[in-house]
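Engineer: What follows is a protein structure lacking sequence information:
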């Protein structure tokens, strides 16, 4: 049976900027990031980057594919040569109740090795003005930078602030 060991935690408040958790080394083969209460505005995306020595990697090394389930059906989400991976795309309500309280998991593999990083993400979001739940992108991502990574950055798609996030990085034993 697996258990989790907390490595780092970032809690940012309302009207805050990006969040970073670090501490990945060769101790574990598998790491996981759990986040809750992540909010963004109408028609905004929330993205992620890996960190190298605490600095986000913004090179065009991210290739991802997945599916978005939403009230209109299922949409494929793919990209190659991007400078980030995507957690959410264009969520929120078209009014002043645009906060989306999300829960998501990111499973991180091969991060401490001098090889490509592999990421699996999934989760759920709900709007503050209704009872619907909108899944986040269920996605796999490969980061084609063959150097060790030590963490994850959650970032905004624009100058709009992230509303609030409680982000935890864990080693899986």
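Structural biologist: Sure thing, it's come through. None of the values given here were measured: they were computed from a predicted structure.
Engineer: and the helix or strand encompassing residue 76, what does it pack onto?
Structural biologist: Assessed by DSSP states H and E, residue 76 sits inside strand 73-82. In terms of contacts (3 or more CB pairs under 8 Å, 6 or more residues apart in numbering; DSSP states H and E), strand 73-82 is packed against strand 62-70, strand 85-91. C-betas here are computed from N, CA, C, even on glycine.
Engineer: in it, what's buried?
Structural biologist: Within strand 73-82, the residues scored as buried using 16 or more other CB atoms under 10 Å are 79, 82.
Engineer: Determine the angle, from 0 to 180 degrees, between it and strand 62-70.
Structural biologist: On the basis of axes from the mean of the first three to the mean of the last three CA atoms, to 10 degrees, strand 73-82 is oriented at 170 degrees to strand 62-70.
Engineer: So which residues make contact with strand 73-82?
Structural biologist: 60-68, 86, 89, 137, 139 (CB atoms under 8 Å, 6 or more residues apart in numbering).
Engineer: Walking through the protein, point out its helices one by one.
Structural biologist: For the chain, applying DSSP state H gives no helices.
Engineer: what about this protein, any weak spots by pLDDT?
Structural biologist: Along the chain, the parts satisfying pLDDT under 70 run over 1, 14-17, 39-44, 69-73, 89-102, 125-136, 158-164.
Engineer: What distance do you get for residue 25 to residue 155?
Structural biologist: 23 Å (CB to CB, to the nearest Å).
Engineer: So between these two, which is more surrounded?
Structural biologist: residue 155 (19 against 13; other CB atoms under 10 Å).
Engineer: which residues pair with the more buried one across the strands?
Structural biologist: residue 47 (DSSP bridges).
Engineer: Touching, it and residue 45? I think so.
Structural biologist: No: proximity of residue 155 to residue 45 does not meet the contact threshold set by CB atoms under 8 Å, at 9.6 Å.
Engineer: related to what we said a few turns ago, can you select the buried ones among the contacts of strand 73-82 for me in PyMOL?
Structural biologist: To isolate the buried members of those in PyMOL, using 16+ other CB under 10 Å:
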select buried, resi 61+62+63+64+66+68+86+89+137+139
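Engineer: Many thanks, have a good one.
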